[in-house]
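Visitor: Have a look at this fold, sequence not included:
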């Protein structure tokens, strides 16, 4: 199912999901602990389910990656899928960039990731991203929020 929206930050996301994200980012400095970020438990559960169903075969069940050195090119000259749990570079990318990568894959830029836009809705992509960010240590999460707000 593909939703249409006029929101330019994250096309297709229902307003309530975007509002949740924006509200959560405003509350983050007052929260303590990586698991207490104000996320809706149902969204986290859905994001984890969708990730494990669609992404874990390449990125690991807990987004930990599936190869020891994800920065070393394989025999095909391509980099393997990185861990997404905060130990690699995922947090360097804004939410819009993460959504774009999931939606469109990396085949067009020389990677191996297929596009997911025909299989996952924008709401489902957003749930996956939210679940991934829930795994990140506080300092990584805070740095990501700063990149998103600048």
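Guide: Here it is on my side, so go on. Computed from a predicted structure; not experimentally measured.
Visitor: Quick one: the helices in the protein, in order.
Guide: Applying DSSP state H to the chain gives helices spanning 15-27, 41-54, 56-59, 95-104, 122-135, 138-149.
Visitor: so which of these gets nearest residue 87?
Guide: For residue 87, the closest of the helices of the chain is helix 138-149, at 8.5 Å, according to C-beta to C-beta. To be clear about C-beta, it is placed using only N, CA and C from the backbone, and glycine gets the same treatment.
Visitor: Can you give me the buried ones in the closest one?
Guide: 138, 140-141, 144-145, 148 (16 or more other C-beta atoms under 10 Å).
Visitor: Sketch out the low-pLDDT regions of this protein for me.
Guide: 1-36, 150 (pLDDT under 70).
Visitor: Chain neighbours aside, what residue packs nearest to the residue nearest the centre of the chain?
Guide: In the chain, the centroid-proximal residue (C-alpha atoms, centre = their mean) is residue 129; its distance is 2.7 Å. Distances taken as C-beta to C-beta, 6 or more residues apart in numbering place residue 98 nearest to residue 129, at 5.3 Å, with adjacent residues excluded.
Visitor: How many residues are close by that neighbour?
Guide: Residues near residue 98, counting by other C-beta atoms under 10 Å, number 23.
Visitor: again with the one 5 residues further on
Guide: By other C-beta under 10 Å, the residues close to residue 103 number 16.
Visitor: That one touches residue 115, doesn't it?
Guide: Yes - with contacts counted by C-beta atoms under 8 Å, residue 103 reaches residue 115, the gap being 6.5 Å.
Visitor: Next one: the residue in the chain sticking out farthest from the centre from residue 110, what distance?
Guide: Distance from the C-alpha centroid of the chain, by C-alpha atoms, centre = their mean, peaks at residue 75 (27.2 Å). Applying C-beta to C-beta, to the nearest Å, the value for residue 75 to residue 110 is 15 Å.
Visitor: would a markdown table of the buried residues of helix 138-149 with distance to residue 46 be doable?
Guide: Listed next are the buried residues of helix 138-149 as a markdown table, based on distance: C-beta to C-beta, whole Å:
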| residue | distance to residue 46 |
| --- | --- |
| 138 | 23 |
| 140 | 22 |
| 141 | 20 |
| 144 | 21 |
| 145 | 22 |
| 148 | 21 |
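Visitor: What is the nearest of the residues you listed to residue 69?
Guide: Checking the buried residues of helix 138-149 one by one against residue 69 (C-beta to C-beta), the nearest turns out to be residue 140, at 19.9 Å.
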